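Novice: got a sequence here, can you model it:
(chains A and B)
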Amino acid sequence: GDSVTQTEGQVALSEEDFLTIHCNYSASGYPALFWYVQYPGEGPQFLFRASRDKEKGSSRGFEATYNKETTSFHLQKASVQESDSAVYYCALGDGATGGNNKLTFGQGTVLSVIP
Amino acid sequence: DPKIIQKPKYLVAVTGSEKILICEQYLGHNAMYWYRQSAKKPLEFMFSYSYQKLMDNQTASSRFQPQSSKKNHLDLQITALKPDDSATYFCASSQDWGDAETLYFGSGTRLTVL
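Specialist: Below you'll find the predicted structure:
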């Protein structure tokens, strides 16, 4: 079945550091890929998506590029802020009947940004 | 105003009992979902509904039964509770079925089964 692997369970950075969270997926075809962010006490929130090879998704300074060859969708941000502290989830969609009814999530990466 | 209301926020139950998790959304969305997040597993899809019709069920056990009395309600009944059912249960909704970009999650119900 489909699966998503996030390499880092926890990342600790200082403000203005560069962020990379690694995400690799296993699925057939061209699944849509997503990043979600979860703040304490809340549910996950949609950050952005990409649907085709080499497509870049971005939002709020975060970005990731769909790479079919390496089956990756790594999240990056050039300069993190304390307010970025949250849990980040990579996910892929099943593409059922043209939509993404069922999302498969990675384990999540806890980002802590120290001021 | 809260966009998705999940009640209760915390729930403690004993093994073998039955509980109902409540979910109401005020986003005007046509599709609703349940996901589960346990300590040992990532966020996991359970059910999806569109216009109150069950569209997908990835839960192997019949102990989990969604109930939709209105388009903006999707409750989750869990019977014969087991300690392994301990998890945070997230209700979500989207404008239309499969529209993951408008997928909006509630803040969850944390269930502990003793």
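
Novice: mind checking the SS state of residue A:69?
Specialist: Following DSSP: H, G, I helix; E, B strand; the rest coil, we place residue A:69 in the coil state.

Novice: backbone dihedrals for it, please?
Specialist: When read as degrees, to the nearest 10, the backbone of residue A:69 gives phi -60, psi -40.

Novice: next: residue B:102.
Specialist: Torsion angles, degrees, to the nearest 10, at residue B:102: phi -100, psi 10.

Novice: what's the answer for residue B:47, then?
Specialist: Torsion angles, degrees, to the nearest 10, at residue B:47: phi -140, psi 160.

Novice: against which helices or strands is the strand ranked longest in chain A packed?
Specialist: When chain A is scanned for its longest strand (criterion: DSSP state E), the result is strand A:86-93. Counting contacts by 3 or more CB pairs under 8 Å, 6 or more residues apart in numbering or on different chains; DSSP states H and E, strand A:86-93 packs against strand A:3-6, strand A:23-26, strand A:33-38, strand A:103-105, strand A:109-114. For every residue, glycine as well, the C-beta is placed using N, CA and C.

Novice: out of the ones you listed, flag the one nearest chain B.
Specialist: Among the helices and strands packed on strand A:86-93, the nearest to chain B by CB to the nearest CB is strand A:103-105 (4.1 Å).

Novice: rounded mean pLDDT for the closest one, please.
Specialist: What strand A:103-105 shows for mean pLDDT is 93.

Novice: cool, stretch B:1-14 as well?
Specialist: Mean per-residue pLDDT for stretch B:1-14: 93.

Novice: can I get that stretch in PDB, CA atoms only?
Specialist: Listed next in PDB are the C-alpha coordinates belonging to stretch B:1-14 (Å, rounded to 0.1, in the frame of the first residue of the first chain):
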ATOM      1  CA  ASP B   1     -16.600  31.100  15.900                       C
ATOM      2  CA  PRO B   2     -15.400  27.500  15.800                       C
ATOM      3  CA  LYS B   3     -15.600  26.000  12.300                       C
ATOM      4  CA  ILE B   4     -15.700  22.400  13.400                       C
ATOM      5  CA  ILE B   5     -17.000  21.500  16.900                       C
ATOM      6  CA  GLN B   6     -15.900  18.200  18.400                       C
ATOM      7  CA  LYS B   7     -17.300  17.100  21.700                       C
ATOM      8  CA  PRO B   8     -16.000  16.100  24.100                       C
ATOM      9  CA  LYS B   9     -12.500  17.300  24.000                       C
ATOM     10  CA  TYR B  10     -11.300  14.600  26.400                       C
ATOM     11  CA  LEU B  11     -13.000  11.300  27.100                       C
ATOM     12  CA  VAL B  12     -12.100   8.500  29.500                       C
ATOM     13  CA  ALA B  13     -13.800   5.100  29.100                       C
ATOM     14  CA  VAL B  14     -13.600   1.600  30.500                       C
END
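
Novice: going by neighbour count, list what's buried in it.
Specialist: Residues B:4-6, B:11, B:13 are the ones in stretch B:1-14 that count as buried (16 or more other CB atoms under 10 Å in any protein chain shown).

Novice: chain center to that stretch: distance?
Specialist: In terms of CA atoms, centre = their mean, to the nearest Å, the centre of stretch B:1-14 is found 10 Å from the chain centre.
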